[in-house]
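Student: model the structure of this input:
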Amino acid sequence: QVQLVESGGGLVQAGDSLRLRCAASGRTFDGYVMAWFRQAPGKEREFLAAIRWSSGYTNYGDSVKGRFTISRDNAKNTVFLQMNSPKPEDTAVYYCAAGGDMAITPWGYDYWGQGTQVTVSS
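Tutor: Alright, predicted model coming up:
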């Protein structure tokens with residue numbers, strides 16, 4: 001049974017840093033792509049970043065390019081999202097996802113975590 005468990009969310013001031021974690025278990029993820037999405041109230045789920053587990057190849061959404069960094073620790077089956085210089089508009093529930101392709105839409109991912117709330121105060 002695949003499980004993705006996010007952690008690291010909370011309240012942060014604008015300009016500070018925050019690192020989210022996604023612990024993956026239940027299968028081998030070597031051939032998978034891991035991604036981060038977020039969803040704010042009343043808005044669609046938005047693609048942030050993705051990383052191919054085997055090669056480390058990454059892709060970013062325009063809204064976070066240059067501010068957020070996705071990485072992975074293969075030995076610990078963990079994916080991270082480093083959030084630098086967050087803004088109040090980054091406030092949302094952040095989700096980890098796993099799928100077979102480097103997709104930028106939620107429909108490209110098979111497995112999802114429960115989400116972690118990130119609130120950025122001004």
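Student: Ser85 reaches Gln13, doesn't it?
Tutor: No: taking contacts as Cβ atoms under 8 Å, Ser85 lies outside contact range of Gln13: 10.8 Å. From N, CA and C alone the C-beta is placed, and that goes for glycine too.
Student: so who does Tyr91 touch?
Tutor: Small correction: residue 91 is Thr, not Tyr. Contacts were defined as Cβ atoms under 8 Å, 6 or more residues apart in numbering; by that measure Thr91 touches Ala40, Val118, Thr119, Val120.
Student: strands - which of those residues land there?
Tutor: Among the contacts of Thr91, DSSP state E puts Val118, Thr119, Val120 in strands.
Student: which of those residues are buried?
Tutor: Among the ones in strands among the contacts of Thr91, those classed as buried by 16 or more other Cβ atoms under 10 Å are Val118, Val120.
Student: make TSV out of the ones in strands among the contacts of Thr91 and add distance to Glu89 and pLDDT.
Tutor: As requested, these are exported to TSV (distance: Cβ to Cβ, whole Å; pLDDT from 0 to 100):
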residue	distance to Glu89	pLDDT
Val118	11	98
Thr119	12	98
Val120	8	97
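Student: closest to Ile70 out of the ones in strands among the contacts of Thr91?
Tutor: Ile70 has its nearest neighbour among the ones in strands among the contacts of Thr91 in Val118, at 14.9 Å by Cβ to Cβ.
Student: how close does the most centrally placed residue in the chain sit to Ser121?
Tutor: Taking Cα atoms, centre = their mean as the criterion, Trp36 is the residue nearest the geometric centre of the chain, at 2.3 Å. Plainly put, Trp36 is 21 Å away from Ser121 if you go by Cβ to Cβ, to the nearest Å.
Student: repeat that for Ser55.
Tutor: 37 Å.
Student: do the same with Phe37
Tutor: Counting by Cβ to Cβ, the separation of Phe37 from Ser121 is 22 Å.
Student: so these two - more neighbours on which side?
Tutor: When Phe37 and Ser121 are compared for neighbours, Phe37 comes out ahead with 25 against 11, by other Cβ atoms under 10 Å.
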